[in-house]
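Engineer: Below is the sequence, then the predicted model.
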Amino acid sequence: MLQQAAAIRTRELSPLELADHYLDRIERLNAQVGAYVTVDAEHVREQARAAEKRVLEAAGPEELPPLHGVPIPIKDLNMVKDVRATLGSRAFSDLVGFVDDSVVTLLRQAGCVLLGKTTTPEFGLPCYTESAVAPPARTPWDLERSAGGSSGGAAAAVASGLAPAAQGSDGGGSIRIPSSVCGLFGIKPTRGRVSQGPVVPDLFGLATNGPIARGVRDAAALLDAMARPMPGDLYMAPPLPAGETFLGYADRPPRRLRIARSAEPAVHGVEVHPDCLAAYEEASALLEELGHEVVELPPVLGADLVPVFETLWGVMATLTPVEPDKEHLLQPLTRWLRERGNAVGASQLFQAHAMLQSALRQAFPVMNEFDAILHPTLAQPPRPLGYFHDQEPEENFARQKAFTPFCAVYNVSGQPAVNVPLHWNADGLPIGVMLAGRLGGEATLISLSAQLEQARPWGDRKPPIWTA
């Protein structure tokens, strides 16, 4: 992505040529990977022609925004004005974006060409991307397996070479999960770092927008473009020091860090697959080789919070308004979650918030003793298509909890967390590890991840479809 931006700024590469390159790949390969639900090729070319005109009219590269002419897709949970927005649901198959989401506004200001809308499950609720409005998103490392979710289309696009990087969102792991199963670097920022506005309410503060990319520098640069508070935001992340950028931290090695680690799932009875433990142990050893102190994490934010999170997740499922005559169009899992959410009373909801706040007040003094915390990103390797979706809702949800017992805790706490693609198993499937940081600590995670990327480069690993 950054190489493309640099080539456009020096006129070595045309924004229209670049857009056509991705449009051609999307036309040829999207049916195989299920990355996009909506692509308006002429609208993309119109944006690219406007970007090209600005390059030609600019007195010099310094007049152009940092990502000028770079194609970036938007997740189909986010509004793009005058572009279809299905939210992954047949109930919204005719909806057209009536405003740009704040993150879209900021990406436009950074110069991005909006490439299309990437697939998402209904309302972004599951950890896989299979819906009734688009083909399932598949990891290009094994097209019989899911790309994860709910930013599965975004990750499939980047991993398949159908986009240089992508915008995603994460309310319970939805950037980190697909990044892990697609072999990518993804950042869930600190709560309040990236605006959720102006349409989506951020009442619970669980969800945030963030970047998915092949490498750390590209993700950091995309986060720089996204990370600006907007009017009406309920949460505000601590700002970077004056003059600093996240990209700058990607080029700066970290000091010796104190890193805690844990492979103990927050969900009772979950066993972590040996491949995920192998990735975790290898990452631990690499961190020590790089000079960092690695210690065991004391027990914090345990299984007693899982039902509390489930309460909030059920209520979140009700926040998308659905006309009564369209409720029957919803997926079984969505209806089941909305039924659970509608059964929650106001006092129960406030009690859930109070329990979380009490738990966090006890946990932060412990977690803040460490510069970062290491976990497996997932408890299992990438799952086959239908592994979740073909089950009855209760079994579906139970399988999702067993698959991703590590991610959601950092949506509850609001801390930043990243997936780092350091490991591939014997079957050639990517197995990520997760690093979480202190509130406002994205810079440390980016610096540390860049150090890991330099020590164990993953950029040369590409699935076969990459060269198709």
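Structural biologist: Good, I have the coordinates.

Engineer: Run through who's touching stretch 392-402.
Structural biologist: With contact meaning C-beta atoms under 8 Å, 6 or more residues apart in numbering, stretch 392-402 is reached by 126-128, 267, 269-270, 306, 332-333, 335-337, 379-380, 387-389, 391. For every residue, glycine as well, the C-beta is placed using N, CA and C.

Engineer: Sort out for me which of those are in helices.
Structural biologist: 306, 332-333, 335-337 (DSSP state H).

Engineer: re earlier: list buried residues within the contacts of stretch 392-402.
Structural biologist: Buried by 16 or more other C-beta atoms under 10 Å: 126-128, 267, 270, 306, 333, 335-337, 379-380, 387-389, 391, out of the contacts of stretch 392-402.

Engineer: I'd guess I187 is in a strand, am I close?
Structural biologist: Yes - under DSSP: H, G, I helix; E, B strand; the rest coil, I187 sits within a strand.

Engineer: who does the longest helix along the chain touch, helix- and strand-wise?
Structural biologist: Determined from DSSP H, the single longest helix within the chain is helix 346-367. On a contact count with 3 or more C-beta pairs under 8 Å, 6 or more residues apart in numbering; DSSP states H and E, helix 346-367 meets helix 306-317, helix 409-413.

Engineer: can you confirm H423 is in a strand?
Structural biologist: Yes - using three-state DSSP, the assignment for H423 is a strand.

Engineer: Please name the residues that touch the nearest residue to it once chain neighbours are set aside.
Structural biologist: In space, and not counting its chain neighbours, H423 is closest to A279: 3.6 Å by C-beta to C-beta, 6 or more residues apart in numbering. With contacts defined as C-beta under 8 Å, 6+ apart, the neighbours of A279 are 376, 422-423, 431-433.

Engineer: Out of these, which is nearest to V216?
Structural biologist: The closest of the contacts of A279 to V216 turns out to be L422 (C-beta to C-beta; 11.9 Å).

Engineer: My guess is the closest one contacts L452. True?
Structural biologist: Yes - shown here, L422 and L452 form a contact pair, counting by C-beta atoms under 8 Å, at 6.4 Å.

Engineer: what's the overlap in contacts for these two?
Structural biologist: Listed as contacting both L422 and L452 by C-beta under 8 Å, 6+ apart are 283, 286.

Engineer: Show me where this structure has its strands.
Structural biologist: 36-38, 71-75, 113-118, 165-170, 185-188, 208-213, 258-261, 293-296, 372-376, 417-424, 430-437 (DSSP state E).

Engineer: Redo those strands as TSV? Include distance to D251 and mean neighbour count.
Structural biologist: Formatted as TSV, those follow (distance: least, C-beta to C-beta, whole Å; neighbours: other C-beta atoms under 10 Å):
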stretch	distance to D251	mean neighbour count
strand 36-38	32	22
strand 71-75	22	29
strand 113-118	26	28
strand 165-170	17	29
strand 185-188	15	32
strand 208-213	15	30
strand 258-261	21	19
strand 293-296	24	13
strand 372-376	19	25
strand 417-424	17	26
strand 430-437	18	27
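
Engineer: Indicate which one of those is closest to P61.
Structural biologist: Nearest to P61, of these and by C-beta to C-beta, is strand 113-118 at 17.4 Å.

Engineer: and that closest one with strand 208-213, angle?
Structural biologist: 110 degrees (axes from the mean of the first three to the mean of the last three C-alpha atoms, to 10 degrees).

Engineer: May I have the strands that pair with strand 113-118, each with its orientation?
Structural biologist: Paired strands of strand 113-118, with direction, are strand 36-38 (antiparallel), strand 71-75 (parallel) (DSSP bridges).

Engineer: Off-centre distance for it?
Structural biologist: Relative to its parent chain, strand 113-118 has a centroid offset of 16 Å by C-alpha atoms, centre = their mean, to the nearest Å.

Engineer: can you check stretch 321-329 too?
Structural biologist: 28 Å.

Engineer: Now do the buried residues in it.
Structural biologist: For stretch 321-329, a neighbour-count test (16+ other C-beta under 10 Å) marks 322, 329 as buried.

Engineer: do the same with stretch 302-310
Structural biologist: Of the residues in stretch 302-310, those buried (16+ other C-beta under 10 Å) are 305-306, 308-310.

Engineer: Return the member of those residues nearest to G205.
Structural biologist: For the buried residues of stretch 302-310, the nearest to G205 is F309 (12.5 Å; C-beta to C-beta).

Engineer: So that closest one sits against A408, correct?
Structural biologist: Yes - the pair F309 and A408 passes the contact test of C-beta under 8 Å, sitting 5.7 Å apart.

Engineer: what does the model give the residue nearest to L452 when sequence neighbours are not counted for pLDDT?
Structural biologist: Spatial nearest neighbour of L452, excluding adjacent residues (C-beta to C-beta, 6+ apart): V420 at 5.8 Å. Looking at V420, its pLDDT stands at 98.

Engineer: Is V420 bridged to anything, and to what?
Structural biologist: Taking DSSP bridges as the rule, V420 bridges to V433.

Engineer: same check, this time on the one 4 residues further on
Structural biologist: Counting by DSSP bridges, W424 is bridged to P430.

Engineer: Tell me what the nearest residue to C276 once chain neighbours are set aside is bridged to.
Structural biologist: In space, and not counting its chain neighbours, C276 is closest to P376: 4.2 Å by C-beta to C-beta, 6+ apart. Assessed by DSSP bridges, P376 has beta-bridge partners V433.
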